[in-house]
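> Here is my input; please provide its structure:
(chains A, B, C and D)
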Number of protein chains: 2
Amino acid sequence: MGDAIPIKQADISISACSYRRVLEIISSKWSALVIYALEDGMLRYGEVRKRIEGISQKMLTQTLRQMERDGLVRREVTPTVPPVVDYSLTPLGETLIGTMKHLKLWTAEYFPLVERAREEYDRSNGRDEG
Amino acid sequence: MGDAIPIKQADISISACSYRRVLEIISSKWSALVIYALEDGMLRYGEVRKRIEGISQKMLTQTLRQMERDGLVRREVTPTVPPVVDYSLTPLGETLIGTMKHLKLWTAEYFPLVERAREEYDRSNGRDEG
DNA sequence: CCGAATCCGCTGCGATACTG
DNA sequence: CAGTATCGCAGCGGATTCGG
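All right, here's what the predicted structure looks like:
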């Protein structure tokens, strides 16, 4: 009798769900890395880029801009020649450090299981069926 | 094991950082919604789709396949005519419920600040430079 | 009912070159 | 040093069609 679950019926409509909101903020491939790079304190643009080796300057700038807009990152320009631009986490951005570490814990504990599941799945499904 | 990274100089190389791993799993736009849809228990394909209104069957199937491969979702086929396919979270998948709720808490607490920051940023930068 | 396969537009992202 | 503008590719993701 109780096998059907009439609660929470129809719509997890995309915008309604809180899950999505954070993901929109931190899941954009590089944002998490930026938080990680800045968690020790302020860095110059080039320093950030050196830490996140593999990022293009386009993506770095774009990511930093978006995070600045979201109030997670502070941007300070010193109008010298050549210019100096420092980036740091805002207090709001720092609240994400804990959140990210929580994710990291999940990864440390469970990701090996995911990898094993993948291997097993690929062995059953990716190669030959029987 | 033995992470112990006191320094963090050069490379947050993309693959090295643990942050990325979870995000690869849950950030693919629909995975989070699937977890949310299934957190009460087993559902049939059509039921899942009804809950996540707005998802195409292509994306739903694709997402479910990937999560099945990752060991997060279990797929049970009952070979009747017409066929019945049930989906449910595996124990591993269920460990993500707590993680997602943690994200949800962050959202509930801080997302309003993000929205305000955005408005302010757009007012300063989107309109006219001040 | 569940799902695979195809077609196709949109955009994310990297590489490059240029400005101040 | 920090950042913008342009091009080109590849993949996401939606609509549709066919199959078991």
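> Only C-alpha atoms from now on, for both contacts and neighbour counts.
OK.
> Where does pLDDT dip in chain A?
Low-confidence segments of chain A (pLDDT under 70): A:1-16, A:126-130.
> near DNA strand D, which residues of it?
Residues of chain A lying close to DNA strand D (C-alpha under 7 Å from any atom of the strand) are A:44-47, A:57-58, A:61-62, A:82-86.
> neighbours of the residue of chain A found nearest DNA strand D, just the number please.
Residue nearest to DNA strand D within chain A (C-alpha to the nearest atom of the strand): residue A:46, separated by 3.2 Å. Residue A:46 has 14 neighbouring residues, counting by other C-alpha atoms under 10 Å in any protein chain shown.
> how near is it to residue A:56?
Distance, residue A:46 to residue A:56, by C-alpha to C-alpha, to the nearest Å: 11 Å.
> follow-up on the earlier one: that's a helix at the residue of chain A closest to DNA strand D, yeah?
Yes - the assignment for residue A:46 (DSSP: H, G, I helix; E, B strand; the rest coil) places it in a helix.
> re earlier: among the residues of chain A next to DNA strand D, which are in reach of DNA strand C?
A:58, A:82-83.
> quick one: which of those is nearest chain B?
Checking these against chain B by C-alpha to the nearest C-alpha gives residue A:58 as the nearest, at 16.3 Å.
> Any of the residues of chain A next to DNA strand D buried? List them.
Among those, those classed as buried by 16 or more other C-alpha atoms under 10 Å in any protein chain shown are A:44-45, A:47, A:86.
> Spell out the secondary structure type for the residue lying closest to residue A:41 once chain neighbours are set aside.
In space, and not counting its chain neighbours, residue A:41 is closest to residue A:88: 6.0 Å by C-alpha to C-alpha, 6 or more residues apart in numbering or on different chains. Taken by three-state DSSP, the conformation at residue A:88 corresponds to strand.
> re the thing from before, of the residues of chain A next to DNA strand D, which pair is most distant in space?
Based on C-alpha to C-alpha, the longest span within these runs between A:62 and A:82 and measures 21.2 Å.
> Let me know whether the longest helix belonging to chain A sits next to DNA strand C.
When chain A is parsed with DSSP state H, its longest helix is helix A:91-121. No - using C-alpha under 7 Å from any atom of the strand, helix A:91-121 never reaches DNA strand C; the gap is at least 13.4 Å.
> Distance from that helix to the middle of the chain?
Computed by C-alpha atoms, centre = their mean, to the nearest Å, the chain-centroid distance of helix A:91-121 equals 11 Å.
> does any bit of it sit next to chain B?
Yes - residues of helix A:91-121 contacting chain B under C-alpha under 8 Å from any C-alpha of the partner chain: A:92, A:99-104, A:106-108, A:110-111, A:113-115, A:117-118, A:121.
> Equivalent analysis for stretch A:51-59, please.
Yes - applying C-alpha under 8 Å from any C-alpha, one finds stretch A:51-59 in contact with chain B at A:51-54.
> Which of those residues ranks first by neighbour count?
Busiest of the residues of stretch A:51-59 next to chain B [other C-alpha under 10 Å] is residue A:52, holding 23 neighbours.
> just to revisit the earlier point, now the residues of helix A:91-121 next to chain B: which count as buried?
With burial judged by 16+ other C-alpha under 10 Å, the buried subset of these is A:92, A:100, A:102-104, A:106-107, A:110-111, A:114, A:117-118, A:121.
> Looks like the residue nearest to residue A:41 contacts residue A:75 (just checking).
Yes - counting by C-alpha atoms under 8 Å, residue A:88 does reach residue A:75; the two are 6.9 Å apart.
> quick one: which of those two has more around it?
Legend: neighbour count by other C-alpha under 10 Å for residue A:88 and residue A:75, higher for residue A:88 (24 against 19).
> Enumerate the beta-bridge partners assigned to the more buried one.
The partner list for residue A:88 in beta bridges (DSSP bridges) reads residue A:74.
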